[in-house]
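Asker: Pasting a predicted model and its sequence here:
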Amino acid sequence: MSEHGKRYLNASKTFSRDQVYGLEEAINLVKQTATAKFNETIEMHFRLGIDPRHSDQQVRSTVLMPAGLGRTVRVLVFAEGEEARAAEAAGADIVADDELINRIQNENWMDFDAALATPNMMKKVGRVARILGPRGLMPNPKAGTVVAADDLSRAVNELKAGRVEFRNDKTGNLHVPIGKANFEAEKLLDNARALISAVEAQKPAGVKGIYIKRVVVTATMGPGIRIDTSNMLK
């Protein structure tokens with residue numbers, strides 16, 4: 001049996017896989033399961049009662065994590081001309097023009113963690129949508145990542161502070177980081193509550209029945225701990 005297998009099984013013994021836990025207890029338990037030699041990421045996974053085949057049942061938005069994510073975020077802004085200078089002044093790590101768009105298109109260059117674009121650049125950015133989209137890096141007005149030049153400073157600062165975009169996958173699930181294993185439990189709890197509130201606020205009007213069916217919190221190398229969805233914010 002591999003080291004990973006032993007660690008996973010030992011972590012599983014600290015809680016019941018068949019039980020649901022209150023949010024605070026689940027956060028404390030997941031910290032106990034994070035026993036890898038690196039600082040594991042803590043994630044929340046949502047199973048939603050949506051039909052992702054329907055355009056009116058997509059769940060996509062952003063949430064600003066109050067405690068941040070415990071990592072450095074390299075922000076790229078697609079802009080040119082005066083807007084490029086505004087992006088530099090706003091603190092963007094990279095300002096992307098035609099040349100960099102070509103690098104993304106031809107070389108799959110992806111040395112950044114988050115992307116913004118000014119409205120004037122979106123036609124050009126569309127050339128690399130198929131590359132950026134699957135990685136969650138395609139700027140989108142609904143996600144608040146297509147912004148006017150005079151709003152770039154706020155948007156860049158929020159991304160660096162821990163603003164996270166979330167969107168459902170093809171199976172109707174969400175997978176969102178909420179911090180690192182070395183975070184204090186209270187900070188993870190603050191981020192988890194912010195995320196839950198943001199997901200609840202995005203319930204599509206066309207959803208029938210239960211919207212949030214199942215929520216699990218897990219460390220990178222650990223098992224999933226189920227959260228009581230009937231009482232998540234209390």
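Answerer: It's in. Because the structure is a prediction, the values reported are computed rather than measured.
Asker: pretty sure Thr220 contacts Ala36?
Answerer: Yes. Proximity of Thr220 to Ala36 meets the contact threshold set by Cβ atoms under 8 Å, at 6.8 Å. Any C-beta I mention is one placed from the backbone N, CA and C, and that applies to glycine too.
Asker: which residues in this protein form helices?
Answerer: Along the chain, counting by DSSP state H, helices occupy 3-12, 23-33, 82-89, 98-107, 122-125, 129-132, 152-161, 185-201.
Asker: Report pLDDT for Ala201.
Answerer: Looking at Ala201, its pLDDT is 95.
Asker: now do Asn10
Answerer: On the pLDDT scale, Asn10 gets 60.
Asker: Quick one: low-confidence residue ranges for this protein.
Answerer: 1-16, 234 (pLDDT under 70).
Asker: I'd like the domain boundaries of it, if you could list them.
Answerer: Annotated domains of the chain cover 17-69+163-231, 75-161 [automatic domain parsing].
Asker: Turn the ones you listed into JSON lines, including mean neighbour count.
Answerer: Shown next, in JSON lines, are the domains of the chain (neighbours: other Cβ atoms under 10 Å):
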{"stretch": "domain 17-69+163-231", "mean neighbour count": "17"}
{"stretch": "domain 75-161", "mean neighbour count": "17"}
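Asker: follow-up on the earlier one: including distance to Leu233, could the helices of the chain go into TSV?
Answerer: Converted to TSV, the helices of the chain look like this (distance: least, Cβ to Cβ, whole Å):
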stretch	distance to Leu233
helix 3-12	26
helix 23-33	7
helix 82-89	37
helix 98-107	39
helix 122-125	36
helix 129-132	33
helix 152-161	22
helix 185-201	6
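Asker: among the ones you listed, which is nearest Gln58?
Answerer: Judged by Cβ to Cβ, the one of the helices of the chain that comes nearest to Gln58 is helix 185-201, at 12.8 Å.
Asker: Name the surrounding residues that touch that closest one.
Answerer: 23-24, 27-28, 30-31, 42, 44, 46, 59, 61-67, 69, 162, 164, 166, 174, 176, 178-179, 211-212, 215, 217, 232-233 (Cβ atoms under 8 Å, 6 or more residues apart in numbering).
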